[in-house]
Structure formats: C-alpha cells, structure tokens
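**Student:** structure for this input, please:
(chains A and B)
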2 protein chains.
Amino acid sequence: MPVDDTVKVVVLGTGQMGSGMIKLLLQKSGIDLVGVYGRRASRVGLDVGQVLGLDTALGVQVSHDLSAVLAHTKPHVVLQATCSRVSEAVDEITTALQHRANVISIAEEMAYPAYKAPQSAAVLHQLALDHQVTVVGTGINPGFVLDLLVIALTGVCWRVDAIRAQRVNDLSPYGPAVLTSQGVGLTPAAFHQGLQDGTVVGHYGFPESISMIARALGWHIDRIVQHREPIISRVTRATPFVTIEPGRTAGCLHTAVAYRHDEPVITLIHPQQVHPHLEHIATGDVIDIHGEPPVHFASSPEIPGGLGTIALAVNMIPPVMNAAPGLTSMAALPVPAAIMGDVRMLLHARPPQ
Amino acid sequence: MPVDDTVKVVVLGTGQMGSGMIKLLLQKSGIDLVGVYGRRASRVGLDVGQVLGLDTALGVQVSHDLSAVLAHTKPHVVLQATCSRVSEAVDEITTALQHRANVISIAEEMAYPAYKAPQSAAVLHQLALDHQVTVVGTGINPGFVLDLLVIALTGVCWRVDAIRAQRVNDLSPYGPAVLTSQGVGLTPAAFHQGLQDGTVVGHYGFPESISMIARALGWHIDRIVQHREPIISRVTRATPFVTIEPGRTAGCLHTAVAYRHDEPVITLIHPQQVHPHLEHIATGDVIDIHGEPPVHFASSPEIPGGLGTIALAVNMIPPVMNAAPGLTSMAALPVPAAIMGDVRMLLHARPPQ
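**Tutor:** Okay, here's the model as predicted:
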C-alpha cells in the first residue's frame, strides 16, 4: 500500500473496549476512523461522538450492517471488540477478510484460535491467504503479559525447565458483567454452583497462552489442568457495583498447569478480585523462568487490563499491516510499540534503518 | 528451505562469546555446527572440541579462511562474535552474505548499524536483498533489555511521555579486557584520562538502543548526550583479575539521554562495576515507561549479560531464517524464544497454529 494514504480503520463494538479503541484512534496521526459497527441495534444510526459522550459529532454513524460498512469504507484494518470466543468471532472476521481488511481481534480465544477451534482457525488462515491480509488476536491476557512477554524472556535462556507466571489484578474498575463472570459477591457454595452451571467462568485464555508459549519453544504439551476457586474475603469490600461481606467471594483464583511427560512445565496463576489491597495483597505481574539462566521479571502494579488491551489493539496496526498474509499470533509478529508519530512512518517497504 | 534439512551454522569467533555459542549449538536438535572461523591465527587447525576444552574432538577445525569455510560448508546461518563495531564487522558479514548465509551478529553497533555507519548499513541491506538472506544484530544490551523489552512494554500504552531504563550489573565474572574498558582499578584522574585517550569507553550501544526505540515509536530524536563517570569504591573489592582499594574506580556509570524538542524523552542508565553488593547495591534491570498507563517492570538480579547474549544469538536463528530478506533489527522481528525442541519445527512455511 502507498504510505501516503492514511490508514483506514473500522471498529467492531461500542462497549468499553470498542469505545476505548475509538478514542485512542482519534489521538493518532495518519489513521482515519472510517466506520463503527455495533451488535446492539439500540445504538444504530447514532453518531460515534454521541455514543462516546463527546461534545462534537465525528461524522461516523454506528452501523448494524457490517458488510455495508466495509463495502463503503474499504478499511485497511478492522479492530474486533465484540466477543470472547472464536465461535462468536468467526462470522465478523470472515466478512472482514472477504472485504480485504486485516483483522485485529481482542476475542480472548483468538489469541490462539487453533486450541479451541482448529477447523475455524484453518478456514480463517486460508481465507486470509486468499485475500492477502492478516488476522491476529491480542490483548493484555491472553496476548501479552502471560504469553508474549514470557516467550521473549525465554529468549535469553540456554535451557528452560519450567515457567511460572502470575498476574494479580484488581477487578474494582469493572462492571457487573465481569464481576458476575468471576463470582464476585457469591457465597462459596453459590460460587461452586456457578462453576457447574457456567455462570462463573474465571479467566478466558489460559490454554491459548499455554499453546502460544509451547509452540514458540517447541514443547509438546500433553495436558492442561485448570482449577478455579473462590477468593473468600475476610473484610468488607465495596465497589459501585457490589458490596462483599466477610465470608463472601471477592473474586476467582484461576490457575492452569501444563504437563509435558507428566512434568508441570507451565504454571499460570491469575487471582482476580475486587480491592485486593484491603487484605494487603499487592497487584502485579510476575514472570519466573526456571532454567539456565533463571529469569525473574515483575511489574507492580499490574499492567492495567482494559487500557492495555485497547492500546495493544491499536498499536498492533503497523505490525499487522506489515505482516505476511494469514492467521498469525502475537508470538509470530514483531512486538507492538506505542504509536507516537504518524503511523504511516511505521509501515513497511522501507528498510529498518 | 526444506524443513527436513538440518540447519547448518558457522560460528565466527572462538573467544568467550563464540565458544559459548558453540557449546549451546551442540545442545540443540536439528542444528549442525559445520564450521568455526577464528581471527586468531594461533588456534587455526585445532579441533573445536580442543579449543573448548571438551574431552572429545568435534571433527570441526578452526579455520582462518572465512571464504573457504563458507564455500565448503554452505551454512544457513553465520553467528558473528568477533568484534563490537560495524567497521570491524562489515567485511565478515559481507563475505557471509555473498555466500547466501543469514547473519546474526553480536557486534554492539550492529544492533542498529545505521546510527554509526549509515552507508555500510545501506550496502549490507542491499547485499542481503540481492542474496535473499537476513542480517540482524542482537545481544542482551544493546538488543534486548534496554531496547526490545522497552519497546514491547510501550505496546500497552496509549501515550508515552518519557522512558527511563536502567541496568545495574556486576562485572566480577569478566576478564581484563572488559575491566580495562570500564576503567576498573584506576584512580579517578586516570579514569578521566582514559576517557580522553579512548582506553576507557564504558558501554557500547546506547545510541543504537535509543535509535531502535525512537524508530519503533515514531519519535524523531534531536540529540543524544552521553556521560561517563567513575564509580569510586569506598571498600576493597577483589576479583581474580583486579583488587580495588577504597578511593579507586570500581566501574563506570554510563548514561545517555535522548532529547526531542529539548525534552529528555529516553534516559538509559548503565552502571557497570565489580561486586556492587559490597556496597549494598542490588543488581537488576528496571524499565519505567512514563505515560498512560505508566509501566514499571523490573528484574532482580539482572539478566546475565554473557549467557544471555549467547542464548539470544542462537535463539534468533528461527526468526532470522523465517524473516524477509534484508538488514533488519530486533524490533522488526518476532521475539526470540528458547529453542527447546527440534529447531526445524520452528521454521516457516507453516501456519502459526
């Protein structure tokens, strides 16, 4: 593509993530937001500025007809923020690919879609090849902290024996949908019932992160064992959406262990709860590579999930536009960087120096 | 390339780094060490096993004739561990490219050769394109901790205002050449004299790291200011190679600040000294991104420089073999991963899932 064209982007989704992407895109040079698609019919026809609560109209209306938006705007890139599972994501991605748009999805399972949906992944790969565009899934987790960063840090190792990575975050900024999915506020019995009936899910993405790591290192994983348990609060914890009395569930401690020849080689730990500081629990991301040399890297506090996921989706635009066609993964692309200049300066067909 | 071929590698250099690469290559599946080139005539004709102090011969002799080695062995990849500067590296790299070998160099300036030697970088890029192979510079620093990791962490940011990254390491494992280059053991006056006459150099690679970061983010840097000062010991510090009395130099505190519109936007800090723990200084790598959101990531202790540089050179083999031809940089390739399976499983022409 000629680098003097602005990069045209369509955002799918007008929730917290989609709205954040729109706001961030508006701050970038060389990018034009040309369309917004929403699944909710209630927002159709509204100006995006109105949906975002801005003072000014943006001249882009929310549409409910994805094909029409894509046919009309011919975007270079589609950012998908409408769902979590491959099965929910695949129709929109297919439509985008058929319109020759690259796709960056924050659907958690799209970080490594072949784990849950190998057939859909193969179809998307072929479709992306046919239309000479690229598809990738990204996000803070899966997509960055517990997989891409882990992989990069193994790059300094002669040998890796085992990996242990943990992300301790604070759910307090989140709304009812996320809190419900983590069982926040439930009695321990209701939490376990929720696991049974599928209303309490914990974290989406451990098998995807594990698959990404294992593939990058060349490990064959025999099985993945996941475990979810309630984090029982000893104190009262309150957010605008929920008040948790002592003895109730403040969140979900979700772990996944990947075994290779019956050895636990990858352990991912993700306790998500509201106000962990009320019980003197510090938030943060911790990566430990056991091997030669050992590596210990940690952040405090944790990289914020919402802001970070929005940023990654936007910042992956140059690597995705520069990539070879096909379905790919964060581990197979250059790392994202904050776009601080004109995005067109970051597009390829130019030597790296 | 057919993935059933083993990957043939030639190592340039039989010093600490080159020897380490040879040892690590011998541990990997799907890789054959087919040749070793040494600049020192004294080692020519020796079996590599003998040079490494192994019990067994490897059947590969150290050669002093690079063209002959390459013509005879036709390697897929050459690992260069013979020098620090582009001007010292370019002849060997040119020879390797002319023999259609990909090149991974740990020469510090090769991390971003266009900074010091734009003309050589352009020539190498064209030569790599002509021969359809790839050249990259890597290493712990420059190449990883103070540039690639920094860039990756900005990927979660909406906006970056400034970057501050620090690497505090321990020089105690190093020999006389490194200690001399850092002014270890000198009086403060002799240290400053050494800076004048070029015998004390501090760290190689700050402008290269800064250039890599700035290019990835799309920042134009107006100027880079470097500063070197002696770290004066208050206690006696001894290694097998040097004993430092109080008042003498334990190492070099080297900093670099990159300015953009007169604002300091990238600050890199690298105090290198022997036995910092004797003055209760903890070693480690610390990355701070000031922006939205802010990011703080830190390792303790620091990722070991020697082991890490050797690992990176070997672990970059798959990304380099999978890359588009040309001169590239760590920021423009997928991240390295520890090679834990057969390297051929990591080579291209396969979808990422």
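**Student:** pick out the residue of the stretch 1-150 of chain A closest to chain B.
**Tutor:** residue A:114 (3.1 Å; C-beta to the nearest C-beta). C-beta here means a position set from N, CA and C on the backbone, and glycine is covered the same way.
**Student:** doesn't residue A:211 make contact with that residue?
**Tutor:** Yes: in this structure, residue A:114 is within contact of residue A:211 by C-beta atoms under 8 Å, at 7.3 Å.
**Student:** and the two? Which one has more around it.
**Tutor:** residue A:211 (25 against 22; other C-beta atoms under 10 Å in any protein chain shown).
**Student:** show me the shaky parts of the stretch 201-350 of chain A.
**Tutor:** Low-confidence segments of the stretch 201-350 of chain A, defined by pLDDT under 70: A:349-350.
**Student:** what segments of it are strands?
**Tutor:** Remark: strands assigned in the stretch 201-350 of chain A by DSSP state E, counting those that start in this stretch are A:223-232, A:237-238, A:243-244, A:249-260, A:263-273, A:284-292, A:295-299, A:326-327.
**Student:** of all those, which one is nearest chain B?
**Tutor:** Nearest of the strands of the stretch 201-350 of chain A to chain B, taken as C-beta to the nearest C-beta: strand A:295-299 at 4.6 Å.
**Student:** using CSV, write out every CA atom in the closest one.
**Tutor:** The C-alpha trace of strand A:295-299 is given here as CSV (Å, rounded to 0.1, in the frame of the first residue of the first chain):
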residue,chain,number,x,y,z
VAL,A,295,14.9,-15.0,34.9
HIS,A,296,12.7,-13.1,37.2
PHE,A,297,10.8,-10.1,35.9
ALA,A,298,7.9,-8.4,37.7
SER,A,299,5.7,-5.3,37.4
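**Student:** do that strand and chain B meet at all?
**Tutor:** Yes: residues of strand A:295-299 contacting chain B under C-beta under 8 Å from any C-beta of the partner chain: A:295-299.
**Student:** need the residues you listed in a markdown table (columns: neighbour count and distance to residue B:148).
**Tutor:** A markdown table is the format used below for the residues of strand A:295-299 next to chain B (neighbours: other C-beta atoms under 10 Å in any protein chain shown; distance: C-beta to C-beta, whole Å):
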| residue | neighbour count | distance to residue B:148 |
| --- | --- | --- |
| A:295 | 23 | 14 |
| A:296 | 17 | 18 |
| A:297 | 23 | 13 |
| A:298 | 16 | 18 |
| A:299 | 20 | 17 |
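**Student:** can you redo these as TSV with distance to residue B:146?
**Tutor:** Below are those laid out as TSV (distance: C-beta to C-beta, whole Å):
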residue	distance to residue B:146
A:295	16
A:296	18
A:297	14
A:298	18
A:299	17
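**Student:** nearest residue to the closest residue to chain B within the stretch 151-300 of chain A in space, please, no chain neighbours.
**Tutor:** With C-beta to the nearest C-beta, the shortest gap between the stretch 151-300 of chain A and chain B falls at residue A:218, namely 2.5 Å. Nearest residue to residue A:218, sequence neighbours excluded (C-beta to C-beta, 6 or more residues apart in numbering or on different chains): residue B:341, at 2.5 Å.
**Student:** isn't residue A:67 up against residue A:96?
**Tutor:** No: at 9.6 Å, residue A:67 does not count as touching residue A:96 under the criterion of C-beta under 8 Å.
**Student:** those helices in the stretch 51-200 of chain A, which residues are they?
**Tutor:** Along the stretch 51-200 of chain A, counting by DSSP state H, counting those that start in this stretch, helices occupy A:66-73, A:86-98, A:118-131, A:148-154, A:176-181, A:188-197.
**Student:** what is the neighbour count of residue A:21?
**Tutor:** 27.
**Student:** CA atoms only: put the strand or helix carrying it into PDB for me.
**Tutor:** Assigning secondary structure by DSSP states H and E places residue A:21 in helix A:16-26. Output of helix A:16-26 as PDB, limited to C-alpha atoms (Å, rounded to 0.1, in the frame of the first residue of the first chain):
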ATOM      1  CA  GLN A  16     -16.000  -0.300  26.900                       C
ATOM      2  CA  MET A  17     -13.200  -1.800  24.700                       C
ATOM      3  CA  GLY A  18     -14.600  -0.600  21.400                       C
ATOM      4  CA  SER A  19     -15.200   2.800  22.700                       C
ATOM      5  CA  GLY A  20     -11.700   3.000  24.100                       C
ATOM      6  CA  MET A  21     -10.200   2.000  20.800                       C
ATOM      7  CA  ILE A  22     -12.200   4.700  19.000                       C
ATOM      8  CA  LYS A  23     -10.900   7.300  21.500                       C
ATOM      9  CA  LEU A  24      -7.400   6.100  21.100                       C
ATOM     10  CA  LEU A  25      -7.600   6.000  17.300                       C
ATOM     11  CA  LEU A  26      -8.800   9.700  17.300                       C
END
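**Student:** elements contacting that helix?
**Tutor:** strand A:7-12, strand A:31-37, helix A:305-315 (3 or more C-beta pairs under 8 Å, 6 or more residues apart in numbering or on different chains; DSSP states H and E).
**Student:** okay, buried residues for stretch A:181-199 please.
**Tutor:** A:181-186, A:190-192, A:194-195 (16 or more other C-beta atoms under 10 Å in any protein chain shown).
**Student:** mean confidence for it?
**Tutor:** In this model, stretch A:181-199 carries a mean pLDDT of 97.
**Student:** now stretch A:35-42
**Tutor:** Here the average pLDDT along stretch A:35-42 is 92.
**Student:** can you get me the start-to-end distance on that stretch?
**Tutor:** Using C-alpha to C-alpha, to the nearest Å, the end-to-end distance of stretch A:35-42 comes to 17 Å.
**Student:** contacts for that stretch next, please.
**Tutor:** Stretch A:35-42 has contacts (C-beta atoms under 8 Å, 6 or more residues apart in numbering or on different chains) with A:10-14, A:18, A:22, A:44, A:48, A:51, A:60-66, A:69-70, A:72-73, A:75, A:82, A:92.
**Student:** likewise for stretch A:53-72?
**Tutor:** Under C-beta under 8 Å, 6+ apart, the answer for stretch A:53-72 is A:10, A:12, A:14, A:26, A:33-39, A:41, A:43-51, A:78, A:92, A:95-96, A:99, A:101.
**Student:** what about the residue of the stretch 151-300 of chain A closest to chain B, distance to residue A:142?
**Tutor:** 20 Å (C-beta to C-beta, to the nearest Å).
**Student:** so which of these two has more stuff around it?
**Tutor:** residue A:142 (30 against 20).
**Student:** who's in contact with the more buried one?
**Tutor:** Residues near residue A:142 by C-beta under 8 Å, 6+ apart: A:108, A:111-112, A:204-206, A:208-209, A:212.
**Student:** now residue A:34
**Tutor:** Contacts for residue A:34 (C-beta under 8 Å, 6+ apart) come out as A:8-10, A:60, A:73, A:75.
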